[in-house]
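>>> Structure, please.
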Amino acid sequence: VQLQASGGGLVQAGGSLRLSCAISGRTFSSHVMGWLRQAPGKEREFVAAIRWGSGVKHYADPVKGRFTISRDSAKNTVYLQMDSLTAEDTARYYCVRDNRYSDLHSVNYWGQGTLVTVSS
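As a prediction, the model looks like this:
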């Protein structure tokens, strides 16, 4: 399995970005796809997740109402739409797959990460 993330970049505060994660390999309904992020000097944190089969979504409190995770089963791709970005969202974002847990605490596969920088 390979996860190829893209879409990061530099954006002004209040702006939007959409991250994409192309998944190579089969994705089963029980799998959970999601995003973790790590800001400089901070610990890695959960951002959002979606269970592939049911489409049930989970969000971290800091991004609720601003970020939207979605998936396209036909394209085997997961997205993270990020709106109303703030400087606190600056981080490297990792696309991940957890074969079981919706909080992504037991990640099985990692993408290479894509950098999001929000200028204030």
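>>> so who does the residue most central in space within the chain touch?
When C-alpha atoms, centre = their mean is applied to the chain, the residue found nearest the centroid is residue 35 (2.6 Å). Counting by C-beta atoms under 8 Å, 6 or more residues apart in numbering, residue 35 touches 19, 21, 47-49, 69, 80, 93-96. (Each C-beta comes from the backbone N, C-alpha and C, glycine too.)
>>> Find the helix or strand that it is a member of.
Using DSSP states H and E, residue 35 sits within strand 32-38.
>>> Within its sheet, name the partner strands of that strand and how each one runs.
Under the criterion DSSP bridges, strand 32-38 sits next to strand 45-51 (antiparallel), strand 91-98 (antiparallel) in its sheet.
>>> how about the helices in this structure?
Taking DSSP state H, the chain contains no helices at all.
>>> Show me the strands in the chain, by range?
2-6, 9-12, 17-24, 32-38, 45-51, 57-59, 67-72, 77-82, 91-98, 107-110, 114-119 (DSSP state E).
>>> Report the mean per-residue pLDDT for the second one.
Predicted confidence along strand 9-12 averages 98 (mean pLDDT).
>>> Show me what that strand is packed against.
strand 114-119 (3 or more C-beta pairs under 8 Å, 6 or more residues apart in numbering; DSSP states H and E).
>>> The shortest one now?
Judged by 3+ C-beta pairs under 8 Å, 6+ apart, the packing partners of strand 57-59 are strand 45-51, strand 67-72.
>>> angle of the longest one against strand 17-24?
For strand 45-51 against strand 17-24, the angle by axes from the mean of the first three to the mean of the last three C-alpha atoms, to 10 degrees is 60 degrees.
>>> Could you do the shortest one as well?
Direction vectors for strand 67-72 and strand 17-24, defined by the same axes, to 10 degrees, enclose an angle of 30 degrees.
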